[in-house]
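[1] I'll drop the sequence and a predicted model, then ask my questions.
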Amino acid sequence: MSEARAPRITVLVADDHPVYREGVARAIKARAEFELVGEASDGREALDLVRDLAPDVAVLDVQMPQLHGNDVLHAIQRDGLATRVVLLSAHVDSETVYRAVASGAGAYLSKESSRDRICDAVAAVARGEVVLSSEVQAGLASEIQIRERDERPALTPREHEVLVLTAGGRSAPDIGKQLHLSQSTVKTHLKSLYDKLGVSDRAAAVAEAMRRGLLE
Amino acid sequence: MTSEPPNPVLRVIVADDSDIYRAGIVRAIRSHPELELAGEFDDGEAALAAIIELRPDIALVDIRMPGIDGLELCARLQVAQPPPPTRVLLLSAYMDDAVVARAREVGADAYLSKASSRREICTEAVRVGRGLE
């Protein structure tokens, strides 16, 4: 007899608040497509169970004793375990969300999310999708923007002019003539540009500036 | 026999915006012989109106809710006329000193960590509802 049905998605639930954990566990058990394989009441136990049981998906509270959900996620990723992670959090602060997504979280949801929303996220994450609840999306976007700005060094208007002309293939003497600057001043601007971009020559400066969105 | 039973059932209202947590509390109340569910709400405003109208013995209220949160709900009950007989038990995910102090300030009858088990929450609800120390 061949197995006709798709194998069930195995799920681990970890939360130090028993009432909440039981609620999530019940929601998981109520769906035929899922199999609840374990429950943990702290992050250390969760990580041990992930290693022992290799569930398809681990649903982890962010704020847990011993190890936080983010720490468990980090260990799972570092050790190359196949378990995908759904993080649930009472507090949705944008930096934590950013770090979780950067660490490979499959989903990040507010604990106010409904049972259906959490179960749908578990199924989606098992398929390889990424799910972010609406409460976390705006915070994540603004965190990315802040980090993007931080990564872009602030160039002076003059440095930017020198950069644009350099990208156009102009030599330092040409740039000096066009901007009515001495050649040594142009070189000072170039040196400052290289420092800000962390490079040591013109070609690398142009490539790095393009990568960071300073040039089109 | 005309005497009242020694332990009349206590009527409870539950307010929490997390439907998973609320469902867990509701289940615990329904399975407890001394407690009876009078209503469940996912926001503070509806819970406040229900407490004033239904005058339950106990309200189990999440501190953090959108709109009227648990602390605000307590503060408003303090000035409600006529004052409802309801004892309020606040539930909080984080039990730092500031939260506890604020809960006392607004007249909460008790506060409990959300890390408590269903049994602990029910035991505390009965204790508070019966005015036991």
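    Nice, I can see it.
[2] what's the neighbour count on residue B:30?
    Residues within reach of residue B:30, counting by other Cβ atoms under 10 Å in any protein chain shown, total 11. From N, CA and C alone the C-beta is placed, and that goes for glycine too.
[3] and it, how far is that from residue B:70?
    Between residue B:30 and residue B:70 the distance is 22 Å, computed by Cβ to Cβ, to the nearest Å.
[4] Over to residue A:9?
    Distance, residue A:9 to residue B:70, using Cβ to Cβ: 36 Å.
[5] Residue A:152 now?
    Per Cβ to Cβ, residue A:152 is found 44 Å from residue B:70.
[6] swap in residue A:190?
    The gap separating residue A:190 from residue B:70 is 61 Å, by Cβ to Cβ.
[7] do the same with residue B:110
    For residue B:110, the distance to residue B:70 - Cβ to Cβ - is 12 Å.
[8] Near chain A, which residues of chain B are found?
    B:17-21, B:23-25, B:28, B:64, B:93, B:114-118, B:121 (Cβ under 8 Å from any Cβ of the partner chain).
[9] Now for residue B:110 and residue B:70: what residues contact both?
    The contact sets of residue B:110 and residue B:70 overlap at B:88, B:90 (Cβ atoms under 8 Å, 6 or more residues apart in numbering or on different chains).
[10] Settle it for me: which of residue A:9 and residue B:70 has more neighbours?
    Set side by side, residue A:9 and residue B:70 show more neighbours around residue B:70, with 29 against 20, by other Cβ under 10 Å.
[11] how about residue A:16, secondary structure?
    Here residue A:16 takes the coil state, with states given by DSSP: H, G, I helix; E, B strand; the rest coil.
[12] Excluding residues flanking it in the chain, which one is nearest residue A:192?
    Spatial nearest neighbour of residue A:192, excluding adjacent residues (Cβ to Cβ, 6 or more residues apart in numbering or on different chains): residue A:159 at 6.1 Å.
[13] Could you report the separation of the one you found from residue A:177?
    For residue A:159 relative to residue A:177 (Cβ to Cβ), the value is 18 Å.
[14] With neighbour numbers in mind, choose between the two.
    residue A:159 (18 against 13).
[15] how about the strands of chain B, start to end?
    For chain B, strands defined by DSSP state E occupy the ranges B:10-15, B:35-41, B:58-62, B:87-92, B:110-113.
[16] Most tightly packed of these?
    Most buried of the strands of chain B by mean neighbour count (mean count of other Cβ atoms under 10 Å in any protein chain shown) is strand B:58-62; its value is a mean of 29.
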